[in-house]
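# prediction below, plus the sequence it came from.
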Amino acid sequence: MWNTWREPGIRVPTGPPTPSCHSRYHEWATICTRLTVPRTGMAGLLRLARPGNCVMSAVGVGIGGLVAVHSAAWGEFAWPLLWAGAAAAAFTAGGNALNDVYDRETDRVNHPERPLPAGKVSVAAAKSFVVSAFTIAASLAVFASVWAFAIVLVNIALMASYEAALKSRGAPGNLVIAYLVGSLFLFAGASVFRSSIEPLVRTGILAALAFFTTIGREITKDIEDIRGDVDRQTLPHRIGSRRAGLVAAISLFVGVALSLVPLALGVLSLGYAILVVPADGMFIYAALHSAANPARSQRVAKYGMIVALAAFLAGAFV
């Protein structure tokens, strides 16, 4: 007899013959499937997580790891980087779901097809998913290094603060987003940090470059959206589009200056020097057109960051 608990509408064996292990497993698997899938909507939770973004975060950590260590040491740090990549993917899933939780009312109008406004996932299930994803991210980061674990904790706090308060305040929110983008590479460096600081130097430069170019892109996007952002205190709203464009341009020029640091320190090879030139050209173009043509400027800055990543990879390989 094993009918100590019964779900309405689900048939559970109530007497002999005693079911085999296989049949018991099948019965309980059926119960769990019927109980969890309709209520939480696994497909809806996957959409909240945005698997494509999660994969890109893991790839970003992988790129940071390749930049951080010499090719001869890649095998030594394979496991820490795998843990770090999985942690980054879990963090991204939690962050995306948290964003949808806070934006669920506006999404009823702007994105009614998303899981929460469409009723495919309950708010309670989405919140539980956020907590679970962040917990998994922190737990996985422990296996990479204590420094990686610390970065995940800081990032969870910043992500929660951003969604709860900073998103609507413009510039502070831009700073948080820029840090979170840059911290992906810093996270990779922290995952392989043992005694030598060279991995942190390499990924720190990449993180700083990503930070400043992302600030430039975020401000430029705010300039582009100034008419629609009536409920946000963005930098263009506060100081005007022209001055905000100047701030964006300065941020991008700082990114260009930072791209020269690896050459001065000699921490990356000739392959980096070859590819960083077109990347800097894109950043300079984006800086000069940040106010006049913000849509094109932020797109060119995005492409510049992709080429800059390729430059860092080339510097690690070649």
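Everything's here; your move.
# these two touch, right, Leu252 and Gly281?
No. Contact criterion Cβ atoms under 8 Å: Leu252 and Gly281 do not qualify, at 11.6 Å. To be clear about C-beta, it is placed using only N, CA and C from the backbone, and glycine gets the same treatment.
# pLDDT weak spots in the stretch 151-300 of the chain?
Residue ranges of the stretch 151-300 of the chain with pLDDT under 70: 228-231.
# in it, which spans are helices?
Remark: helices assigned in the stretch 151-300 of the chain by DSSP state H, counting those that start in this stretch are 171-192, 198-224, 235-239, 241-259, 261-265, 270-288, 294-317.
# save those helices as TSV, and put in distance to Pro117 and mean neighbour count too.
As requested, the helices of the stretch 151-300 of the chain are exported to TSV (distance: least, Cβ to Cβ, whole Å; neighbours: other Cβ atoms under 10 Å):
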stretch	distance to Pro117	mean neighbour count
helix 171-192	23	23
helix 198-224	24	24
helix 235-239	27	18
helix 241-259	32	21
helix 261-265	46	14
helix 270-288	35	20
helix 294-317	28	20
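# dump those to JSON lines, plus distance to Ala118.
Shown next, in JSON lines, are the helices of the stretch 151-300 of the chain (distance: least, Cβ to Cβ, whole Å):
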{"stretch": "helix 171-192", "distance to Ala118": "26"}
{"stretch": "helix 198-224", "distance to Ala118": "27"}
{"stretch": "helix 235-239", "distance to Ala118": "32"}
{"stretch": "helix 241-259", "distance to Ala118": "36"}
{"stretch": "helix 261-265", "distance to Ala118": "47"}
{"stretch": "helix 270-288", "distance to Ala118": "37"}
{"stretch": "helix 294-317", "distance to Ala118": "30"}
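# quick one: closest of these to Leu48.
helix 171-192 (18.1 Å; Cβ to Cβ).
# who does the closest one touch, helix- and strand-wise?
helix 51-68, helix 78-102, helix 123-144, helix 146-161, helix 198-224, helix 235-239 (3 or more Cβ pairs under 8 Å, 6 or more residues apart in numbering; DSSP states H and E).
# look up the closest residue to the most centrally placed residue in the chain, ignoring the ones flanking it.
Nearest to the mean C-alpha position of the chain, counting by Cα atoms, centre = their mean, stands Thr92 at 4.5 Å. Of all residues not flanking Thr92 in the chain, Ser57 sits nearest, at 4.2 Å (Cβ to Cβ, 6 or more residues apart in numbering).
# these two touch, right, Gly315 and Ser259?
No. Counting by Cβ under 8 Å, Gly315 does not reach Ser259; the two are 10.8 Å apart.
# measure Ile151 to Ala144 for me?
Ile151 sits 10 Å away from Ala144, going by Cβ to Cβ, to the nearest Å.
# which one's more surrounded, these two?
Ranked by neighbour count (other Cβ atoms under 10 Å), Ile151 and Ala144 place Ala144 first, with 30 against 23.
# give the contact list for the more buried one.
Ala144 sits next to 80-81, 83-84, 87, 190-191 when contact means Cβ atoms under 8 Å, 6 or more residues apart in numbering.
# please apply the same query to Leu246.
Leu246 makes contacts with 290-291, as judged by Cβ under 8 Å, 6+ apart.
# what's the neighbour count on Leu260?
13.
# picking up where we left off before, give me the pLDDT for the residue nearest to Thr92.
Looking at Ser57, its pLDDT reads 91.
# just to check, it is in contact with Gly94?
No. Counting by Cβ under 8 Å, Ser57 stays clear of Gly94, with 11.1 Å between them.
# so between those two, which is more surrounded?
Gly94 (26 against 22).
# ok, that one touching Ser128?
No. Applying Cβ under 8 Å, one finds Gly94 not in contact with Ser128, separated by 10.9 Å.
# if we can go back for a sec, among the helices and strands packed on helix 171-192, which is nearest Leu184?
Proximity to Leu184 (Cβ to Cβ) singles out helix 51-68 among the helices and strands packed on helix 171-192, at 4.6 Å.
# how far off helix 146-161 does the closest one point, in degrees?
140 degrees (axes from the mean of the first three to the mean of the last three Cα atoms, to 10 degrees).
# number the residues from 16 up from this point.
Let's use 16 as the start, then, which means that last one is helix 66-83.
# what is helix 66-83 packed up against?
Against helix 66-83 (3+ Cβ pairs under 8 Å, 6+ apart) you get helix 93-117, helix 186-207, helix 213-239, helix 309-332.
# and the ones you listed as CSV, adding distance to Leu131?
Shown next, in CSV, are those (distance: least, Cβ to Cβ, whole Å):
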stretch, distance to Leu131
helix 93-117, 6
helix 186-207, 21
helix 213-239, 24
helix 309-332, 28
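# so for Leu285, which of these sits nearest?
Closest to Leu285 of the helices and strands packed on helix 66-83, according to Cβ to Cβ: helix 309-332, at 8.1 Å.
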